[in-house]
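A.B. asks: need a structure here:
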Amino acid sequence: MRFSIIIPVFNRPDELRELLVSLTKQTYRDFEVLVIEDGSTNKADGVVQEFASQLTIRYFYKENTGQGFTRNYGFERATGEYFVIFDSDALIPSPYFAVVNQRLQTDWLDAYGGPDAAHPDFTDVQKAISYSMTSPFTTGGIRGSRKNLGGTFHPRSFNMGLSRQVWEQTGGYKLSRMGEDIEFAIRIIENGFKTGLVPDALIYHKRRTNFGQFFRQLRFFGRARINIARYYPKELKAVHAFPALFTLGLASIPVWALVSPVLLAVALGVLLVFSALILIHATWTQQSLKVGLLSVAAAWVQLVGYGTGFLSEGWKRLREPSHFRETGATMEYPS
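C.D. replies: Presented below is the predicted three-dimensional model:
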């Protein structure tokens, strides 16, 4: 199996260098690398040139159109039988492509996804953010898991592969921002392709390096969930509203304090128990009290960030003309 690795990049040359270093250490080497610069001002062409003798690698520069259409640009120029998408802030363990190739030879998948984790060298904040994004107390543990709402595995494009046939039949991404990977995964499944998780196809995903960046990212994710519901209303499920309810609950605490000290005590008690569970579980799984404490903060940032994005975009949707709500058509909003 020959793979084409598609890497969109936007102003992240240093992160790209680390990703490319990890690709030079792969035990399975039948792949090409396509780096697609999405209108960056801080270009990565010099970084790509550093690896010209170590990897089969090509560099392209295009105007900024967002991640989805940038991946399509790479698909159009790829020569491999199977396409693999990575975010530029990822590190790829050396057995990755050997694992994926073996799985495809023994149990074919038209599209797959793999889990992500924190590398031991990541900062404590990055480890806490990674924990929060995979914790049973925040996401329900469905990211990088066989468990998925609705029962069918939906790959996510930070660590995703698809066959050339999937690209040719679906036409790739139809959205470029605001939930583009969710929409693409739904359409892959609707076209009858077989999807699945490859549990050992692990990557190390840096995500964000501070809580401010993490909040903005999760706020965008919350908005994206509402945006997807414009196309696929049935994909908006009750569990997706949990961060919004959590956010509204926090905002209403001053009201509870005025209405009833008992209600205030109950609310604070629930928050305390929730935080204690995260602290204990994160400290145990990460083997660090500091990461455990930071994980409590990360979980709150995640839920409030997602919740505010969900609420703000949901309010916009309610105010849309009725024909948009009825047909699932989208209206453009700045990202």
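A.B. asks: at which residues are the helices of the stretch 1-150 of the chain located?
C.D. replies: 13-23, 45-50, 67-77, 96-106, 124-134 (DSSP state H, counting those that start in this stretch).
A.B. asks: which parts of the first one are buried?
C.D. replies: Put plainly, it is helix 13-23. Neighbour counts over helix 13-23 (16 or more other CB atoms under 10 Å) mark 13, 15-20, 22-23 as buried. (C-beta placed from N, C-alpha, C; glycine too.)
A.B. asks: hang on, the earlier thing: out of the helices of the stretch 1-150 of the chain, which comes closest to Gly179?
C.D. replies: Among those, helix 67-77 comes nearest to Gly179, with 9.5 Å by CB to CB.
A.B. asks: buried set for that closest one?
C.D. replies: For helix 67-77, by 16+ other CB under 10 Å, it's 67-75.
A.B. asks: as a markdown table, the helices of the stretch 1-150 of the chain with mean pLDDT would be great.
C.D. replies: Converted to a markdown table, the helices of the stretch 1-150 of the chain look like this (pLDDT from 0 to 100):
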| stretch | mean pLDDT |
| --- | --- |
| helix 13-23 | 96 |
| helix 45-50 | 97 |
| helix 67-77 | 96 |
| helix 96-106 | 97 |
| helix 124-134 | 92 |
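A.B. asks: possible to save those helices as a markdown table with distance to Gly309?
C.D. replies: Conversion of those to a markdown table gives the following (distance: least, CB to CB, whole Å):
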| stretch | distance to Gly309 |
| --- | --- |
| helix 13-23 | 24 |
| helix 45-50 | 32 |
| helix 67-77 | 17 |
| helix 96-106 | 32 |
| helix 124-134 | 15 |
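A.B. asks: of all those helices, which lies closest to Tyr59?
C.D. replies: Nearest to Tyr59 among those is helix 45-50 (4.2 Å), distances taken as CB to CB.
A.B. asks: can you say which of the helices of the stretch 1-150 of the chain is nearest to Trp256?
C.D. replies: Using CB to CB, the helices of the stretch 1-150 of the chain put helix 124-134 closest to Trp256, at 25.9 Å.
A.B. asks: low-confidence regions, the stretch 51-200 of the chain specifically.
C.D. replies: Within the stretch 51-200 of the chain, the stretches with pLDDT under 70 are 140-151.
A.B. asks: quick one: Leu263 and Trp256 touch, right?
C.D. replies: Yes. With contact defined as CB atoms under 8 Å, Leu263 reaches Trp256; the gap is 4.5 Å.
A.B. asks: wait, what's in contact with Asp89?
C.D. replies: Applying CB atoms under 8 Å, 6 or more residues apart in numbering, we find Asp89 in contact with 12, 15, 19, 205-207.
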